[in-house]
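**Q** model this:
(2 chains)
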Protein chains: 2
Amino acid sequence: MNTRERLIATTADLISRKGFRGMGINEVLSLVEVPKGSLYHHFPKGKESLVTEAVKYGGKAQMERYGAALKGKGAEEGLVAIIDVMIEDLRNTDFCEACPIAIVALEASEATEDIRKACDEMFKSWQVGLAYYLEKRGISKGLEKAEQFYALLEGGFILSKAHRDVKYLEQQKPLIALILKA
Amino acid sequence: MNTRERLIATTADLISRKGFRGMGINEVLSLVEVPKGSLYHHFPKGKESLVTEAVKYGGKAQMERYGAALKGKGAEEGLVAIIDVMIEDLRNTDFCEACPIAIVALEASEATEDIRKACDEMFKSWQVGLAYYLEKRGISKGLEKAEQFYALLEGGFILSKAHRDVKYLEQQKPLIALILKA
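**A** Predicted structure coming up:
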């Protein structure tokens, strides 16, 4: 990775643990081992544009992991596999990391419009990708069902994180069949 | 309200818009119009204990609003009414405020254990209160269903906020009947 890519990847990683308010530019620079001038060279608008790119980068990376989990599976089995990706991420990071976008979306009230739009676009591209997957497997109203699924995934994530217990994601699994059948 | 209560209420309000990382103590002090010494007089541990109390205060206030929405209703109708409270809050605050705890729960990875525990306890008291409400209306496995409902409420909230569109909460409503029947 070149410097620009390393700045983005490191920021994405810090954001998913602390949010963009909790993440400091100096922390990014020190992890990437470049001087402050390097940030403004690659991101003339500073933190705002770095965060925007990091949301897109983190969102795409997560979408690829979900895509890999879906591969070769049926509709219900695929959605269960996405929940399992999130459960594994929470377990592997001691309940620190899982969704790279949710926290930014909640912080975004007072963020710039660019950052909010990046969250909006990344969530939408997950939903549209999943809608396509479902429709190909004969599920009607694929987009609405994909959106309902992501809502229960994100909600299960918030509760699992707050309670440090993956049960809140596990017990969303039986709802998948109900959504798909509706 | 006395000074202590005003400090807590103001902090709760700022947290639900910005999270506890985005909220500054100086902003609280200036809104409440008291000197810095006042904070340490009421909260010897400073920001950490103020945030912990604010999470509890915000969580209780929200629970009372949900309780009022449930009053005199049947099981399904009551849960729809809770979703409507959140939709109204998002609309009334230009998509800034709704759940006072979700953002803190996501920020809490690097927060103190006291703050995380306050989120954990507030969410649990919502879930237990709702479980009691459901069981009284003849719904079996009330706690599990209350937890599933809160997950889809919080997830619908994240998506509605990210997309600035209450549709993501609206379309969780048909899932309520499916959960209750299961």
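**Q** alpha carbons only for contacts and neighbour counts from here, please
**A** Will do.
**Q** where does chain A dip in pLDDT?
**A** Within chain A, the segments meeting pLDDT under 70 span A:109-111.
**Q** which one is A:A108 nearest to, not counting chain neighbours?
**A** A:R116 (5.7 Å; Cα to Cα, 6 or more residues apart in numbering or on different chains).
**Q** other SSEs contacting the helix or strand harbouring that neighbour?
**A** Here A:R116 sits within helix A:113-136, counting by DSSP states H and E. The contact analysis (3 or more Cα pairs under 8 Å, 6 or more residues apart in numbering or on different chains; DSSP states H and E) places helix A:113-136 against helix A:47-70, helix A:102-107, helix A:142-163, helix B:142-163.
**Q** in that helix, what's buried?
**A** Using 16 or more other Cα atoms under 10 Å in any protein chain shown as the test for burial, helix A:113-136 gives A:115-124, A:126-128, A:130-131, A:133-134.
**Q** same check, this time on stretch A:80-100
**A** Neighbour-count burial for stretch A:80-100 [16+ other Cα under 10 Å]: A:80-87, A:89-91, A:95-100.
**Q** show the contacting residues for A:K60.
**A** A:M122 (Cα atoms under 8 Å, 6 or more residues apart in numbering or on different chains).
**Q** that older thread, show me how far the helix holding A:R116 is from its chain's centre.
**A** The chain centroid and the centroid of helix A:113-136 are separated by 10 Å under Cα atoms, centre = their mean, to the nearest Å.
**Q** extract the C-alpha set from it and format it as CSV.
**A** Output of helix A:113-136 as CSV, limited to C-alpha atoms (Å, rounded to 0.1, in the frame of the first residue of the first chain):
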residue,chain,number,x,y,z
GLU,A,113,-22.5,16.3,4.9
ASP,A,114,-19.7,14.5,3.1
ILE,A,115,-19.2,12.1,6.0
ARG,A,116,-22.9,11.4,6.3
LYS,A,117,-23.2,10.8,2.6
ALA,A,118,-20.4,8.3,2.7
CYS,A,119,-22.3,6.3,5.4
ASP,A,120,-25.5,6.6,3.4
GLU,A,121,-23.8,5.3,0.2
MET,A,122,-21.9,2.4,1.9
PHE,A,123,-25.0,1.1,3.7
LYS,A,124,-27.0,1.4,0.4
SER,A,125,-24.5,-0.5,-1.6
TRP,A,126,-24.6,-3.3,1.0
GLN,A,127,-28.4,-3.3,0.7
VAL,A,128,-28.5,-3.3,-3.1
GLY,A,129,-25.9,-6.0,-3.3
LEU,A,130,-27.8,-8.2,-0.9
ALA,A,131,-31.1,-7.5,-2.7
TYR,A,132,-29.6,-8.8,-5.9
TYR,A,133,-28.4,-11.9,-4.1
LEU,A,134,-31.9,-12.6,-2.7
GLU,A,135,-33.7,-11.9,-6.0
LYS,A,136,-31.4,-14.3,-7.8
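**Q** now the closest residue to A:K71 other than its chain neighbours: how far from B:K167?
**A** Leaving aside its chain neighbours, A:K71 sits nearest to A:G78 (7.6 Å; criterion: Cα to Cα, 6+ apart). A:G78 sits 25 Å away from B:K167, going by Cα to Cα, to the nearest Å.
**Q** these two - which one has more neighbours?
**A** For A:G78 versus B:K167, the count of surrounding residues by other Cα atoms under 10 Å in any protein chain shown is larger for A:G78: 21 against 15.
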